[in-house]
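[1] Structure of the sequence below:
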Amino acid sequence: MNQTETKTAASISCGVIGYSWALKFAMGGYRVYAYNRSAASSKTAQMRIEESMASLLKNGVLDEEKREEIRSRIHYTTSIQEAVSHAAFIQESSSEHYEVKHELIREIETWAPKTSIIASSTSGLLITEIAKYAKHPERFVGGHPYNPPHLIPLVEITKGEKTEDWAVSRAKEFYQSIGNEPVVLQKEALGFICNRLQMALYREVCHLVMNGVCSVEDADKAVTFGPGIRWGIMGPSMIFELGGGAHGVSGLMEHLNDSISLWLQDMADWKEFPKDWAKIAQKGVEEELSHRNAEIGNTHASLEEYRDKMLIEILKLHHKL
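    Sure thing, here's the model as predicted:
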């Protein structure tokens, strides 16, 4: 692998996730090829990248010189050959259909260096199946981001049956080099780590609201201004380590065991959300939005802007931006 390849990455299918990956790679110092099948899609990706950089500029992450430097690293193309021919790392973010990914992988492997790592942004498909017809399935990994990838550092690395450890190590090193915080799943699990954690919490939100314990708004406030603040600093086991004082997490769990057992017995354990929950949640969110002002987001657009602003401030505290 030559020096050009070691600092070149490709983001394949630059939709909502892929454009953000392209920006993240460029922010990390890589020459990036942003691929879409059509010129119109490429133009949309470019527009999204410019909008995101404008937000980073507005929030003090970039200055004009840095923005121009990042912009100069991104090359938009409708040619797979151009996108991957010199790429050491290739991130695929196409639609969640095996047949679509199989065809795309066939094209990628036709032109990519044999030493390239190929990662998929899939949020639910198995890497084993995605790489089923690949010439070199040993170099395929899952690289599941959290949206938007250019801001949220987490990436969940998953392995297929034929993925080799060196590919996982190289993927982890690449993500770390651009400021990500990769976690590695030791075996395949539906929903990975974070989706399972957030759905477990959201199931209990639903349970509390449906049983008249609290409103959607108050459940959101309880998370935001309670454990959510602490979780933005460190994970739940580390928080409990502090909560247990000198005895740590083990002391806390042993001390509260009897009470926790009562809570758990009273908590939701059903396997499907109630059919009417979607409408109830939507009504609750709309009411919650009506109580907010524009500064903290009271429409979809202003809420997204506020989210990004707060993410940036939190990431600055973590020295991630």
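[2] where are the low-confidence patches of this structure?
    1-5 (pLDDT under 70).
[3] Strands of that one, residue ranges please.
    Here the chain has its strands, by DSSP state E, at 8-12, 31-35, 74-77, 89-92, 117-120, 140-145, 154-159, 181-184.
[4] In the beta-sheet assignment, what are the partners of the closest residue in space to Tyr30 that isn't next to it in sequence?
    Spatial nearest neighbour of Tyr30, excluding adjacent residues (C-beta to C-beta, 6 or more residues apart in numbering): Ala9 at 4.4 Å. (C-beta placed from N, C-alpha, C; glycine too.) Judged by DSSP bridges, the bridge partners of Ala9 are Val32, Phe89.
[5] wait, what's in contact with Ala9?
    25, 30-33, 87-91, 174 (C-beta atoms under 8 Å, 6 or more residues apart in numbering).
[6] Among the residues you listed, which pair sits farthest apart?
    Tyr33 and Phe174 (15.3 Å; C-beta to C-beta).
[7] okay, these two: which has more neighbours?
    More crowded of Tyr33 and Phe174, by other C-beta atoms under 10 Å: Tyr33, with 27 against 22.
[8] which residues does that one contact?
    8-11, 75, 77, 82-84, 87 are the contacts of Tyr33 under C-beta under 8 Å, 6+ apart.
[9] and the residue nearest to Trp231 when sequence neighbours are not counted, how far is that from Gly248?
    Using C-beta to C-beta, 6+ apart and skipping the chain neighbours, the partner closest in space to Trp231 is Ile239 (7.2 Å). For Ile239, the distance to Gly248 (C-beta to C-beta, to the nearest Å) stands at 11 Å.
[10] got it, and Ser94?
    45 Å.
[11] Which residue of those two possesses the greater neighbour count?
    Neighbours per residue, other C-beta under 10 Å: of Ser94 and Gly248, the larger number sits with Ser94, 20 against 14.
[12] and the closest residue to the more buried one other than its chain neighbours, how far is that from Glu173?
    Leaving aside its sequence neighbours, Ser94 sits nearest to Ser13 (C-beta to C-beta, 6+ apart; 4.0 Å). Taking C-beta to C-beta as the measure, Ser13 falls 24 Å from Glu173.
[13] which of these two has more neighbours?
    Ser13 (23 against 12).
[14] In contact with that one, which residues?
    Neighbours of Ser13 in contact, by C-beta under 8 Å, 6+ apart: 35-37, 92-95, 104.
[15] From Thr44, how far off is the residue nearest to Ser121 when sequence neighbours are not counted?
    Once flanking residues are discounted, Ser121 sits nearest to Ser93: 4.0 Å by C-beta to C-beta, 6+ apart. According to C-beta to C-beta, Ser93 and Thr44 sit 14 Å apart.
[16] Can you pick out the residue with more neighbours from those two?
    Per other C-beta under 10 Å, whichever of Ser93 and Thr44 has more neighbours is Ser93, with 25 against 16.
[17] the inter-axis angle of the longest helix seen in the chain versus strand 31-35?
    In terms of residue count, the longest helix belonging to the chain (DSSP state H) is helix 39-58. Put simply, helix 39-58 runs at 140 degrees to strand 31-35, going by axes from the mean of the first three to the mean of the last three C-alpha atoms, to 10 degrees.
[18] Now helix 39-58: buried residues?
    The neighbour-count check on helix 39-58 (16 or more other C-beta atoms under 10 Å) flags 41-42, 44-46, 48-49, 52-53, 55-56 as buried.
[19] One more: stretch 159-171?
    Neighbour counts using 16+ other C-beta under 10 Å place 159-160, 162-164, 167-168, 170-171 of stretch 159-171 among the buried residues.
[20] Of the contacts of Ala9, just say which sits nearest to Val184.
    The closest of the contacts of Ala9, once distances to Val184 are taken by C-beta to C-beta, is Phe174, at 13.1 Å.
[21] Burial check on the closest residue to the closest one other than its chain neighbours, number of neighbours?
    Spatial nearest neighbour of Phe174, chain neighbours left out: Phe89 (4.9 Å); criterion: C-beta to C-beta, 6+ apart. Neighbour count for Phe89, taken as other C-beta under 10 Å: 26.
[22] wait, what's in contact with Phe89?
    9-10, 25, 30, 116-117, 119, 171, 174.
[23] roughly how far apart are the nearest residue to Leu151 once chain neighbours are set aside and Phe89?
    Distance criterion C-beta to C-beta, 6+ apart; nearest residue to Leu151, sequence neighbours excluded, is Leu311 at 4.8 Å. Separation of Leu311 from Phe89 (C-beta to C-beta): 24 Å.
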